[in-house]
Structure formats: C-alpha cells, structure tokens
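In: How does the following fold in three dimensions:
(one chain, ligands or ions: 1)
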Amino acid sequence: MSEPFKNPIAAQDPDVWKAFVAEEERQATTLELIASENHVSAAVLAAAGSIFTNKYAEGYPGRRYYGGCENMDTIERLAIDRAKQLFGCEHANVQPHSGSQANQAVLLAAMNPGSRFDEAEQKEKNPGEAVRTPGDMILSLHLDHGGHLSHGKNVNISGKWFRVTHYFVDRETGRINMSEVRRIALDCKPKLIITGASAYPRLWDWAAFAEIAKEVGALLMADIAHIAGLVAAGLHPSPVPYAEFVTTTTHKTLRGPRAGLTMCRESWAKKIDSAVFPGLQGGPLMHIIAAKAVAFGEALRPEFKVYQQLVLDNAKALAESLVSRGLSLVSGGTDNHLMLVDLRKQYPNVSGAMAEDWLGQSGIVVNKNMIPFDERKPMETSGLRLGTPALSTRGMGPDEMRTIAGLIDKVLASGGDKSTLQGVRSEVLAMCRQFPLPAH
Ligand code: DSN
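Out: Next up is the predicted model:
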C-alpha cells in the first residue's frame, strides 16, 4: 500500500483511509488460515485497482455494445487464452463476477426450473390446467458435509428453482463413497451432478463421477473453486476431461482477484456465454478481468507449481502435527490445502465459534465450520476449517506449520484463558515480522 501522504484516498477521504490502514495492519500482524483466502501479488492488486474500472464493455471481444472497447478486447482475450492454457479447457468465460455466478451460468444454460408458480396460484390462474411442472434435478454434496450454498441449498436460487438431492460423506471414513453416490443417482435421476466443495479435504474421483453421470444420463459439473491452483499446477487431478462444465473462483489457491470463471466444452460455449451475459450479468468488471489475466499469467509460470507444492506440504505438516497433538481431523488428514478439525472428541465443550474467537484474539484467523453429522448449529458448529494458501504465499514452510499447530492446540487447551491468548499473540507477531506480506 502507498504511504498515507502519497495515497489519494488518504488525502481525500481520511475516514475510508483509516479502514485501509487498519486492514493493512490486521493482515500484516495475523496468521491467515482461512482456506479460501490468499494474498495477491502487487501486479494483480494494481490491475484490480486500475483505470479499466472506468469502462463499460457489455458483450464479448469483437462484439461489444459500447465504443472504445479495443483495449478491453485485448485484456479479455488474454484472460480467456491464458485460462484455456492453464486448465486445458475448450472454452472459458472470464466474466462471472463470482464463483456463485459462475455456477449460476451453468444452471441457466443447462437446467430447466420448471413452472415457478406455486401450485395454488397456478390452479387459480389456469383452472383445469395441469399444475406445476417440476424443475430439473441437481445431485450435489450436502452443505454440512463440505458442499456449497450455490450447489442447491434451499435458501439459494439453486435450491429454490430446482429439485435437489444430496450425497454425503461416509460417517466412518469422512470420505465420499462412490457406490453410495451411484445408488442415489440411480434413484433420483439427476439432470446435473455437481462435484466440488468448500470443505472437503480429499481428492475428487472425477472419472468415477463421470461414469455415474453417463449411466444415469446426467451432465457433470465440477466446482474447483478451492483447488483450482492445485489443478492448474497439476497437483490435483483435473476434471476437465470428464466434466461438461468446470467452474471456479479465481482468488483462493489460484491467487487472483475476487471473482469467478466458467469453463465448458465447446458444444456448450454459446449457451454458457449467453447465460453469463445477458442472462445473469450486465457490464463485465474489466479491471477484475485484467487482474484475472495477470493472475493466470502468474499461474502459468514454473514458480506457481513450486508455490502449490508448498501449499500441499504445509497442509500435510499442519494436519500431521495437529493429529500428533491428539486433535481429530475429518477423514483423518488431507490431500489438499485444507483440513477440518473435529473438536468434539478432544474438546467437547468448545464450539467452533468459541475456538474461532479465542484464536482470533491470539492473531490466528480461522473460520468455524460445520463438520459432517454436526449436532451444533451453523453459527456455532463443532469444527474449524484451516487452510495453508495464504501462509504459503508469505513464505512459511512445514516448520512454521508445526509451530502454528502447537499454538492452536495451546489456545484450545487454555479454554480461552486471557494470558495464554496474549502469550500466543506475541509469538504470532514475531512470526508475522519474520514473514511479511508480499510487496503491494
Ligand atoms: N465462502 C467460500 C469459502 O470460504 O469456501 C466459498 O464460497
């Protein structure tokens, strides 16, 4: 961030600038273990805060509804070409503003919501007519077992407009059981099977899902929002050869700006493009698309693979060290960048919310998370989700992960004791000074 006296926000708007300074301080002096967050490079940050924010560019490269879009076309084409190279997909739409909108594009392109009138209303309007046509069926991982709101949760448009059936993780193993998925798919006959999660620590067997999708005549979508960086680096199997649709956010392991991306087979390209614009969105956020182009360029470099390997090594070290201290992890460990701590066994009286609060006071930023078969409510939870992308960006390695596992355990064991939290806070500050944020 620029020095206060040089920054135009500081000069013009001290109230807003105060929050900038406080946020810079917060990020610099805490350990970021939220699995979906990261620290972008100075180049990505500069693109996201650039003059491309000034421009409307509704449409697609070469077919815009506004004049003056020649540089927008260059930027968007670069982002598309790099996304295709990075993931080996046939078609990429870089305009979704978020991961949820990237997913909605698939629903709009491929799924029929049926009649959205409620039954009584329809009967009144069309007496004697057949009532409600049911919406198409989605089959997806349940939110409480690691899935995502936009994969069919009843409060989300995906759950309001479509019929939804869920698969779950196995109670014993914490893993998705493919023969169970097959049994459920044969029973509910989905139009779309959604794979991918926001809290699943194990590898996805895309080939097995594709086989089931083929058997039941369903389309397959993989939401790789969390693992996109690992997939791009070749460190997690890619769903691209198996799924009609692959969606992602661009800001988690992929380390780009906060936004989305929808990829698909060429045969779906027109429908996906129409679904994103004009179906769901108006003007694309060209400054964010510029930042995506820069981030995808970074992800194509050899050092990105080194970074992703560090993310994995760190997750493994953190998980092993937590387990060695007696903490229980869902599925017993991790194959990717995240893990889910099940507090119930070692700390039955500590909820995820309490743990998040105590760790936060100590400078360790995490999020409480539902764990499979959780008896507590979502605002309380019995779990914590931990991830290593942001700390790996700061250059921390497995030794630091083992130290952090010790600090986490100390905080949990203290029952929130203030002097323990203060002691851990000092150790966290020392680590943060040793591993500063990337230049920005
Ligand atoms: N909110 C994201 C996460 O934290 O995983 C998912 O959208």
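In: Run the contact check for stretch 384-401 versus the ligand.
Out: No - shown here: stretch 384-401 not in contact with the ligand (C-beta under 6 Å from any ligand atom), separated by at least 7.7 Å. Placement of C-beta: from N, CA and C, glycine included.
In: now do stretch 155-165
Out: No - using C-beta under 6 Å from any ligand atom, stretch 155-165 never reaches the ligand; the gap is at least 11.1 Å.
In: Show me which residues of that stretch are buried.
Out: For stretch 155-165, the neighbour count (16 or more other C-beta atoms under 10 Å) marks Asn156, Ile157, Ser158, Gly159, Trp161, Phe162, Arg163, Val164, Thr165 as buried.
In: And the contacts of it?
Out: 100, 103-104, 107, 111, 113, 116, 134-140, 149-154, 184, 187-188, 190 (C-beta atoms under 8 Å, 6 or more residues apart in numbering).
In: which stretch of helix or strand covers Ala210?
Out: Assessed by DSSP states H and E, Ala210 sits inside helix 206-216.
In: one step back: restricted to strands, list the contacts of stretch 155-165.
Out: Judged by DSSP state E, strands contain the following of the contacts of stretch 155-165: Met137, Ile138, Leu139, Ser140.
In: Tell me what the last one is bridged to.
Out: Translated: Ser140. Judged by DSSP bridges, the bridge partners of Ser140 are His166.
In: Tell me the spacing between it and the ligand.
Out: Separation of Ser140 from the ligand (C-beta to the nearest ligand atom, to the nearest Å): 14 Å.
In: again with the first one
Out: Distance from Met137 to the ligand, counting by C-beta to the nearest ligand atom: 23 Å.
In: Give me the number of neighbouring residues for that residue.
Out: 20 (other C-beta atoms under 10 Å).
In: Could I get the contacting residues of it?
Out: So Met137 contacts Phe162, Arg163, Val164, Thr165, Cys188, Lys189, Pro190, Lys191, Leu192 (C-beta under 8 Å, 6+ apart).
In: Return the backbone torsion pair for the first one.
Out: Translated: Phe162. Phi and psi for Phe162, reported as degrees, to the nearest 10, are phi -130, psi 160.
In: helices or strands next to the biggest helix by length in the chain in the packing?
Out: Criterion DSSP state H: the longest helix present in the chain is helix 302-324. If you count contacts as 3 or more C-beta pairs under 8 Å, 6 or more residues apart in numbering; DSSP states H and E, helix 302-324 packs onto helix 228-232, strand 328-329, strand 338-342, helix 389-393, helix 398-414.
In: what is the orientation angle of that helix with strand 338-342?
Out: Helix 302-324 and strand 338-342 are oriented at 10 degrees to each other (axes from the mean of the first three to the mean of the last three C-alpha atoms, to 10 degrees).
In: now helix 302-324, how far from the centre of its chain.
Out: With C-alpha atoms, centre = their mean, to the nearest Å as the basis, helix 302-324 stands 18 Å off its chain's centre.
In: give me every residue that touches the nearest residue to Ala225 once chain neighbours are set aside.
Out: Using C-beta to C-beta, 6 or more residues apart in numbering and skipping the chain neighbours, the partner closest in space to Ala225 is Thr249 (4.2 Å). Taking C-beta under 8 Å, 6+ apart, we find Thr249 in contact with Ser36, Ser98, Gly99, Ala102, Ala225, Ala228, Arg258, Ala259, Gly260, Leu261.
In: Now Pro241. Its backbone dihedrals?
Out: phi -70, psi -20.
In: Quick check: the gap between it and the ligand.
Out: 25 Å.
In: now Leu107
Out: 16 Å.
In: Can you tell me the closest non-neighbouring residue to that residue?
Out: That would be Ser158: by C-beta to C-beta, 6+ apart, it lies 6.0 Å from Leu107.
In: so which helix or strand takes in the one you found?
Out: Counting by DSSP H and E, Ser158 is part of helix 157-161.
In: now the helices for the stretch 51-200 of the chain?
Out: Secondary structure of the stretch 51-200 of the chain by DSSP state H, counting those that start in this stretch: the helices cover 70-87, 99-110, 119-125, 157-161, 178-188.
In: Looking at those helices, which one is packed in the most?
Out: Comparing the helices of the stretch 51-200 of the chain by mean neighbour count (mean count of other C-beta atoms under 10 Å), helix 99-110 ranks first with a mean of 25.
In: what residues does that helix touch?
Out: Contacts of helix 99-110 (C-beta under 8 Å, 6+ apart): 93, 96, 138, 148-151, 156-158, 161-162, 191-192, 194, 219, 221, 223, 225, 244-245, 247-249, 260-262, 264, 268, 271-272, 274-276, 279-281.
In: now it: mean pLDDT?
Out: Averaging pLDDT along helix 99-110 yields 98.
In: C-alpha coordinates for it, PDB please?
Out: The C-alpha coordinates for helix 99-110 follow below in PDB (Å, rounded to 0.1, in the frame of the first residue of the first chain):
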ATOM      1  CA  GLY A  99     -18.000 -18.300  -8.000                       C
ATOM      2  CA  SER A 100     -21.700 -18.300  -7.300                       C
ATOM      3  CA  GLN A 101     -22.400 -16.600 -10.600                       C
ATOM      4  CA  ALA A 102     -20.000 -18.900 -12.400                       C
ATOM      5  CA  ASN A 103     -22.200 -21.700 -11.100                       C
ATOM      6  CA  GLN A 104     -25.500 -20.000 -11.900                       C
ATOM      7  CA  ALA A 105     -24.300 -19.700 -15.500                       C
ATOM      8  CA  VAL A 106     -24.300 -23.500 -15.700                       C
ATOM      9  CA  LEU A 107     -27.800 -23.700 -14.100                       C
ATOM     10  CA  LEU A 108     -29.200 -21.100 -16.500                       C
ATOM     11  CA  ALA A 109     -27.500 -22.700 -19.600                       C
ATOM     12  CA  ALA A 110     -28.300 -26.300 -18.800                       C
END
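In: Just the angle for that helix relative to strand 137-141, thanks.
Out: Using the same axes, to 10 degrees: helix 99-110 against strand 137-141 is 150 degrees.
In: Please state the offset of helix 99-110 from the chain centre?
Out: That offset, for helix 99-110, works out to 15 Å (C-alpha atoms, centre = their mean).
In: Not counting its neighbours along the chain, what's nearest the residue of the stretch 1-150 of the chain found nearest the ligand?
Out: Proximity to the ligand, evaluated over the stretch 1-150 of the chain using C-beta to the nearest ligand atom, is greatest for Ser36 at 3.3 Å. Leaving aside its sequence neighbours, Ser36 sits nearest to Lys252 (C-beta to C-beta, 6+ apart; 4.8 Å).
In: Name the SS class of that neighbour, please.
Out: coil (DSSP: H, G, I helix; E, B strand; the rest coil).
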